[in-house]
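**Student:** take a look and give me a structure for this.
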Amino acid sequence: MDLKSTRPRPSRALDPLLACTRWLALVSGVPVLAGCSGIQSALDPAGNDAYEIYLLTIVMTVGGTLIFVGVTALLLYAIFSRPEQRAWLGTRRTIVYGGLAFPIVTLTFLLPYGLTVMRDTDVPTADALQIEVIGEQFWWRVRYPAEQGQPEVTTANEVALPIGRRVTVTVTAADVIHSFWIPNLAGKIDMIPGRVNRFSFTVERPGVYRGVCAEFCGDQHALMAFDVLAMEDAEFSAWRAAQAAPAREPVTPFLERGRELFRSGGCGNCHAIRGTEANGQFGPDLTHVGSRRTIGAGQFPNNIGTLGGWIANTQHLKPGVRMPSYGMLTGEDLRAIAGYLESLK
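**Tutor:** Numbering: from 1, shown residues only. Got it, this is the predicted structure:
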C-alpha cells in the first residue's frame, strides 16, 4: 500500500498550510500560537496526524478567543452604557439567541469536527513499522522487532523513523506510569505497568525532534527525554543495519584497557554490549552508545568528557537514577572506559 496516497495532506502541502493557519492565528489576535515552533512544539507539526491536532488547536483557540472578546465587550457595554441603551441585553430574544441557540449551534459543529480528527489520526496499518518503547525511571528502552528480513534492533533514548511511512509504537512501563509524547509528530499516550498501549502516526519532514515524558514519574521526570531522528527510508535502512551489528572491537591498547575495565567493574551485569559477554538487561543497551546524540536520556551531549563525568558521579548529574556512581575510579581509568564507550559507533 502506498501510504502517501492515502493520507489527506502530503508533506509538500504542510508548509503552505502551516503558513496560512499561522497567519489566521496572528490576525485573529493569537500571536503566541502563530510564532511557536521548534523541535519540541505541538504548534510546529512535522506530520499529517500532528497537523490535524494542530489545526484543531488553532480552531479551538481562535474561536475561544473571539467568543471571550465578544462576551467581554458585551459585559463592558452593559456596565458603562445608559440603561435605555442596554435594555435589549435582557430581552427574551437576546437570551434565547445568544445564551441558548449560539452555544448549541457552536458545540454541534465542534463535536463532529473533533470526532473527525479522532477518526483521521492514530490509524494503524498492516504494513506499519513496529516499534516497542518501555518507560523506566528515568530513561527509555527502545526495540525494533525483526520484520521482512530486517534484523531486530535494541537501543535506548533515541528513536529513528523513516519519513512517509506509517509507524505504530507499542508502549508500556517497567516501574511507574510514564507518558510518551513527541509534540511535533503526534499526541501523547500513557505507559502503564502491566498494560500495553499503541498509537500510530506518520512523520513527513526529516529532522531531529525531541520527545518527553508527559506524566510525573519521580524525581527526574523533567530530565527524561529522547531524540527522534526522522530520515529518508534508505538512510533509515542503513541506520537499522548498523545498529543491528555487534559492537566494534577496540582498535588501540587504550580502548582495549577501557573494555577490560568495563568487564572487571561489573558493568556487564546491568548493560548489554552485543558481541561481548556483557548481557545485562537492567540498564540501557550500550552496543552502539557512541552513535547516540546524548546521554542521560537527552540531558548531556555524548562525548568522552560527559561519559566520564556520568560514570564518575551519576547521582550528582541526575539524582535518583538507578545507576550507582563510580567515583573510586582514577581519572585515567575513567578516560579509558569513556573512550571505549565513545568508540562504540
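**Student:** how about low-confidence regions in the chain?
**Tutor:** 1-37 (pLDDT under 70).
**Student:** how is it partitioned into domains?
**Tutor:** 3-120, 129-243, 253-342 (automatic domain parsing).
**Student:** could you dump those to JSON lines with mean neighbour count?
**Tutor:** Just so you know, the C-beta spots here come from the backbone N, C-alpha and C atoms, and that holds for glycine as well. As requested, the domains of the chain are exported to JSON lines (neighbours: other CB atoms under 10 Å):
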{"stretch": "domain 3-120", "mean neighbour count": "14"}
{"stretch": "domain 129-243", "mean neighbour count": "19"}
{"stretch": "domain 253-342", "mean neighbour count": "18"}
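**Student:** next up, the contacts around the nearest residue in space to G290 that is not next to it in sequence.
**Tutor:** Distances taken as CB to CB, 6 or more residues apart in numbering place L344 nearest to G290, at 4.3 Å, with adjacent residues excluded. If a contact means CB atoms under 8 Å, 6 or more residues apart in numbering, then L344 has A247, R248, I273, L286, T287, H288, V289, G290, S291 as its contacts.
**Student:** and the furthest pair within those residues?
**Tutor:** Using CB to CB, those span at most 13.1 Å, a distance reached by I273 and S291.
**Student:** now the helices for the stretch 51-200 of the chain?
**Tutor:** 83-86, 92-94, 102-120 (DSSP state H, counting those that start in this stretch).
**Student:** make a markdown table from those helices and add distance to I189 to it.
**Tutor:** As requested, the helices of the stretch 51-200 of the chain are arranged in a markdown table below (distance: least, CB to CB, whole Å):
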| stretch | distance to I189 |
| --- | --- |
| helix 83-86 | 50 |
| helix 92-94 | 45 |
| helix 102-120 | 14 |
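**Student:** now H316: which helix or strand?
**Tutor:** Secondary structure from DSSP states H and E places H316 in helix 314-317.
**Student:** with only the CA atoms kept, save that helix in CSV.
**Tutor:** C-alpha atoms of helix 314-317 as CSV (Å, rounded to 0.1, in the frame of the first residue of the first chain):
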residue,chain,number,x,y,z
THR,A,314,25.9,9.7,38.1
GLN,A,315,23.9,10.7,41.2
HIS,A,316,25.3,14.3,41.1
LEU,A,317,24.3,14.8,37.5
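**Student:** run the chain-centre distance for it.
**Tutor:** Relative to the mean C-alpha coordinate of its chain, helix 314-317 is positioned 24 Å out (CA atoms, centre = their mean, to the nearest Å).
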